[in-house]
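Asks: Need coordinates for the below:
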Amino acid sequence: MHGHYLSIKEQRQLKERRNEDLRIAKPIRRVAKRSYPRLLFQCAKP
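Replies: So this is what the prediction gives:
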């Protein structure tokens with residue numbers, strides 16, 4: 001069961017990766033929010 005245990009180094013790497021993902025995702029989310037209706041419209045068409 002202790003295969004789920006992460007070392008402190010791994011935890012730090014995970015946290016850094018998550019922060020990086022958030023940093024990357026924020027501008028994308030902003031753009032997505034602006035173009036969301038258009039995307040929905042495109043997706044709605046078969």
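Asks: so what's residue 6 up against?
Replies: By C-beta atoms under 8 Å, 6 or more residues apart in numbering, the residues touching residue 6 are residue 14. Any C-beta I mention is one placed from the backbone N, CA and C, and that applies to glycine too.
Asks: How about the secondary structure of it?
Replies: At residue 6 the chain is in coil, as set by DSSP: H, G, I helix; E, B strand; the rest coil.
Asks: starting at the chain centroid, how far to the helix or strand hosting residue 18?
Replies: Under DSSP states H and E, the secondary-structure element containing residue 18 is helix 8-44. Computed by C-alpha atoms, centre = their mean, to the nearest Å, the chain-centroid distance of helix 8-44 equals 4 Å.
Asks: same deal with stretch 6-24?
Replies: Chain-centre distance of stretch 6-24: 12 Å, with C-alpha atoms, centre = their mean.
Asks: Could you list the low-confidence segments of this structure?
Replies: 1-3, 36, 39-46 (pLDDT under 70).
Asks: same thing but at 90, please
Replies: Low-confidence segments of the chain (pLDDT under 90): 1-6, 20-46.
Asks: Buried residues in the helix holding residue 18, which are they?
Replies: Within helix 8-44, no residue counts as buried by 16 or more other C-beta atoms under 10 Å.
Asks: now for it, which elements pack on it?
Replies: With contacts defined as 3 or more C-beta pairs under 8 Å, 6 or more residues apart in numbering; DSSP states H and E, helix 8-44 has no helix or strand neighbours.
Asks: Just the CA trace of stretch 19-33, in CSV.
Replies: The C-alpha coordinates for stretch 19-33 follow below in CSV (Å, rounded to 0.1, in the frame of the first residue of the first chain):
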residue,chain,number,x,y,z
ASN,A,19,1.8,25.6,-10.5
GLU,A,20,3.3,25.6,-14.0
ASP,A,21,0.0,24.1,-15.4
LEU,A,22,-1.9,26.8,-13.6
ARG,A,23,0.4,29.5,-15.0
ILE,A,24,-0.1,28.1,-18.5
ALA,A,25,-3.8,27.5,-18.1
LYS,A,26,-4.8,31.0,-16.9
PRO,A,27,-4.2,32.8,-20.3
ILE,A,28,-5.7,29.9,-22.1
ARG,A,29,-8.8,30.1,-19.9
ARG,A,30,-9.0,33.8,-20.6
VAL,A,31,-8.9,33.3,-24.3
ALA,A,32,-11.3,30.3,-24.1
LYS,A,33,-13.7,32.4,-22.1
